[in-house]
Structures are given as structure tokens and as C-alpha cells.
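Novice: give me coordinates for this.
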Amino acid sequence: MCAHHESPAAARGLDAAAAESVVLTSELIQIDSTNTGDPETVVGEREAAEYVAAKLQEVGYETELVESGAANRCNVFARVPGADPERGALVIHGHLDVVPADPTEWSVHPFSGAIRDGYVWGRGAVDMKDMLGMTLAIARYYKREGIVPPRDLIFAFLADEEAGGTFGAQWLVDNRPDLFAGATEAIGEVGGFSITLNNDQRAYLIETAEKGIRWMTLRVRGRAGHGSMINHDNAVTKLAEAVARLGNHRFPLVLTDSVREFLAGVTEITGMEFPEDDLDAAVAKLGGVSRVIGATLRDMATPTMLDAGYKANVIPSVAEATVDCRILPGRMEAFNRELDEILGPDVEREWFELPPIETTFDGPLVEAMKAAVREEDPEAHTLPYMLSGGTDAKALSKLGIRCFGFAPLKLPADLDFTALFHGVDERVPVDALKFGTRVLDRFLRSC
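Specialist: This is a model prediction of the structure:
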């Protein structure tokens, strides 16, 4: 069944769901679910999960609220039976947690959920309580209207994504894989949003790949001593030199299938060319999204933290640095070899790691995404792309689930969308939420 054949009553129901997505997004933002990465100071995930569960139960869903590895790290699951139970289920997943925000930097309070100037404002507005609001609105609409999708849908609202999912998706996949039973495909965050190219053409980017994440601690040991004396085995100096070498290193250009297909698509739409001998400059002309696309042209190792010493006149015996590494699919062995060469044998390394993932931009699910976007925006183009960050798709892919980023939003041409992720004054257009809710409805009825 297709959304564009619906009755006037169903159309009114969808309009109401689209409007409700705005309210739900605002109310979700008002729940401070900050994930600091320190389990002792995480707040709000249980409250957010209980809010979602109550909204689902209110319209008749049976929900399961699951703690994932620690107290109050809560997840909510609800399953919708489809017309064909023989088909693989589709997971629609989103995370309940958000990164911290400093209210003194914002023009509105980051947990106000303010609706003004055509936007919903607050931490999580794009990462990713917008998708939660749209998903929740659609789930409620389907239950109220008795809509049966073509296949089983698994709605999953998850904890701890912002700290790698140790107390969220990773734990669930390892300990409760039954919650994803029968699932073959999934959609989640950071895809389906529009960019406006230089000839006013809109392209919607669907995430088909993610770089791997490695949060790495470098440790150097030396000889402790008095700061006033000669010491040729200074751990701080040795670490600083190693970090500078790594931070200044430029990894080689590697074009994966997802990036090649994206660049070819932009060329087809705009005529822009992307010569490999000057690719960084060509990609920079794409505007705000070049932050993401440019970061998917090569591996990256970005020093982010330094820790050494305890007194001005004491040379410490140990110095440490934290480096955020992002690694392309297929590059892990080569990346490790380069690290060995750059850092040498005296720098100890330990890390938390999540692998890169990549799938192809084809098949019935992709066609359903393309069609759903075009039906709401007839001039739309759709392109695959690689996310420079990571999502809970990394965990779900371990179950053999094929994962895409598809949280559709039609965005104003002048909105620097990628800057809003983890940024100050994070906000999402009201019209984009309504658009995305309608696209998700079309997609979920035809996928």
C-alpha cells in the first residue's frame, strides 16, 4: 500500500502526525539526557526512555524497557507486525543521549526545546531527537490508524551512542540479540538530509558507509627528576614530539566506493569536476558538507587531549595523550603500519575501537528511500555518502544487519547543517521535521 493512495481521513492523520513530530522533538529536547562519557555523571537516559515508552503505550503498543549494562542506561523497543512475516524486519533506531552543552554559549537554553523563528532549538535537535520525534510520531500514527506496514518494523530507542554504545547498542547486540530477531536492514541517523549544490539542485545524502573509530591513548615513559637538572629522558618532551608528528601527518588519499559514487553523482548533477590531484580543493567548494566529505578522503588521527605532570619543577615519569583516529573501510592494516612508523617503538598505545562499515547503494530498500524522497520533493536527487563519524549502525552490523543513515530533512540552502552537530545553537527547521515525517511514512509503507 502506498501513502499517496490514502483516504482524506488518513491524510489528515498524517498531517497531525507531522505536526506532532515537532511537539515530540521539542519535548524530547527538554529532557536533559547528557552523556558525558563518564557513567557517574550521565543523566536523563532513563527519563527519556520512560517518556518514549509512555508515548508508545498511550496508543496501545507493548514496549520493552531494557537496561544495558549499567543502572539507568535505558533502551525502549516496540515491534510492529508487518503484512508479510516471512520478510526480514526493518530496524528504525535512534539514540536517546546527547553530548553536553554549555548554556552560557547559547542564544536559547540548550534544553529549552524552544520553537521559534521556524526552528526547534536545543541540544539534540539534529543529533538526534529530531529523528526520535519523527519516528515516535509515525509509530503513534500507525497504531491509531491501524496501518499495517509491508514488513515487521522494530522501533529501537537506544542509550549511550555518544560514548560508543558500550552501555547501549553494543551491549544489546552482545547480550540481547533477540530484540533484533529477524532483522535484515536498518535505518538510523545522519542521512536523508538535503544539501543545495551550486546550481540550486537539491541532493539528499543517504549514508552507506562510516569510518572506523579508534579512541587511542598514547603513553610515554621517561625518567622522573627535578626540573632544574639535565634530563635526556623527559617523557613530556618525547610525547610532545610524537603527538606533533602524528597530528601533522597527512594520510594518503583513498577513494572508497561510497565516496567515488558521491563525487560522480555531484559531477552528473552540477558538472563540477573532482580531479584526484587537487581533490581537497575541489571538495572544499561543496560548502558546509565539505567538512564531512573532505574527512572521508583519507584516514585521520587528531590529537585531542594531553595529560602529564603534577608540579612545575618535577619532570614526570609518564606522559599521556588522547588521539581521535578515524579509519576508512579496508585501511586498518595500512593505518596500523603508518602508526608504527610515525610513533616508533617507545610510544605505548591502547584504544577503544569500533570498525568501519560500508554497504552498496542499491536494492529495494534504497529504491524505496529514493522514491519516498522524490514523492515529497519531485526535484530531488539522492546520493550515497560516507559519514566521517560513527553511529549505532556499527553495533547492528555485527548481527549481519545492512545499515543506512536515513533521517530525512529538507533543509534551507543557507543552513550550515553539519556545523550544528555537537554545535552551539543546534536547531532543526519545523518544516523539515514535517517533511521528514511524511517521507518516513511513504518509505515505511513501501519498503
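
Novice: show me the contacts for the residue most central in space within the chain.
Specialist: Of all residues in the chain, the one closest to the mean position by Cα atoms, centre = their mean is T391, 4.3 Å from it. If you count contacts by Cβ atoms under 8 Å, 6 or more residues apart in numbering, T391 has them with 161, 188-190, 207, 210, 403, 405. The way it works is simple: take the backbone N, C-alpha and C, and place the C-beta from them, glycine included.

Novice: what's the farthest-apart pair in these?
Specialist: Greatest spatial distance in the contacts of T391: E161 and E207, 14.4 Å, computed using Cβ to Cβ.

Novice: the protein: helices as residue ranges?
Specialist: With helices called from DSSP state H, the chain shows them at 8-30, 45-58, 129-145, 169-175, 235-248, 257-270, 279-284, 290-295, 332-343, 364-376, 393-396, 430-446.

Novice: now distance to L409 too, for those, in CSV please.
Specialist: Formatted as CSV, these follow (distance: least, Cβ to Cβ, whole Å):
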stretch, distance to L409
helix 8-30, 11
helix 45-58, 20
helix 129-145, 7
helix 169-175, 23
helix 235-248, 34
helix 257-270, 18
helix 279-284, 22
helix 290-295, 15
helix 332-343, 32
helix 364-376, 10
helix 393-396, 18
helix 430-446, 4
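
Novice: can you redo these as TSV with mean pLDDT and mean neighbour count?
Specialist: Below are the helices of the chain laid out as TSV (pLDDT from 0 to 100; neighbours: other Cβ atoms under 10 Å):
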stretch	mean pLDDT	mean neighbour count
helix 8-30	93	19
helix 45-58	98	20
helix 129-145	98	25
helix 169-175	98	21
helix 235-248	97	17
helix 257-270	96	19
helix 279-284	94	16
helix 290-295	93	19
helix 332-343	97	15
helix 364-376	98	19
helix 393-396	98	26
helix 430-446	98	24
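
Novice: quick one: closest of those to V108.
Specialist: Short answer: helix 8-30, nearest of those by Cβ to Cβ, at 10.3 Å.

Novice: elements contacting that closest one?
Specialist: helix 45-58, strand 119-121, helix 129-145, helix 430-446 (3 or more Cβ pairs under 8 Å, 6 or more residues apart in numbering; DSSP states H and E).

Novice: who's in contact with it?
Specialist: Contacts for helix 8-30 (Cβ under 8 Å, 6+ apart): 3, 6, 48, 51-52, 55, 111-115, 120-125, 129-130, 132-134, 136-138, 140-141, 144-145, 147, 428, 430, 433-434, 436-438, 441.

Novice: take that helix, keep the C-alpha atoms, and write them as CSV.
Specialist: The C-alpha coordinates for helix 8-30 follow below in CSV (Å, rounded to 0.1, in the frame of the first residue of the first chain):
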residue,chain,number,x,y,z
PRO,A,8,-8.8,12.0,3.2
ALA,A,9,-9.1,10.9,6.8
ALA,A,10,-5.7,9.1,6.7
ALA,A,11,-4.2,12.2,5.0
ARG,A,12,-5.5,14.3,7.9
GLY,A,13,-4.0,11.7,10.3
LEU,A,14,-0.6,12.1,8.6
ASP,A,15,-0.8,15.9,8.8
ALA,A,16,-1.5,15.5,12.5
ALA,A,17,1.5,13.2,12.9
ALA,A,18,3.7,15.6,11.0
ALA,A,19,2.6,18.4,13.4
GLU,A,20,3.1,16.1,16.4
SER,A,21,6.7,15.3,15.4
VAL,A,22,7.5,19.0,16.1
VAL,A,23,6.0,18.8,19.6
LEU,A,24,7.6,15.4,20.4
THR,A,25,11.0,16.7,19.3
SER,A,26,10.7,19.8,21.5
GLU,A,27,9.6,17.7,24.5
LEU,A,28,12.4,15.2,24.0
ILE,A,29,14.9,18.1,23.9
GLN,A,30,13.5,19.3,27.2
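
Novice: could you find the closest non-adjacent residue to M128?
Specialist: Excluding its sequence neighbours, the residue lying closest to M128 (Cβ to Cβ, 6 or more residues apart in numbering) is E189, at 4.3 Å.

Novice: so what's that neighbour up against?
Specialist: Counted by Cβ under 8 Å, 6+ apart, E189 has contacts 94-95, 127-128, 131, 391, 405, 407.

Novice: 10 Å - rerun?
Specialist: By Cβ atoms under 10 Å, 6 or more residues apart in numbering, the residues touching E189 are 93-95, 126-128, 130-132, 161, 207, 387, 389, 391-393, 405-407, 421.

Novice: same deal with G225?
Specialist: Counting by Cβ under 10 Å, 6+ apart, G225 touches 231, 233-234, 313-317.
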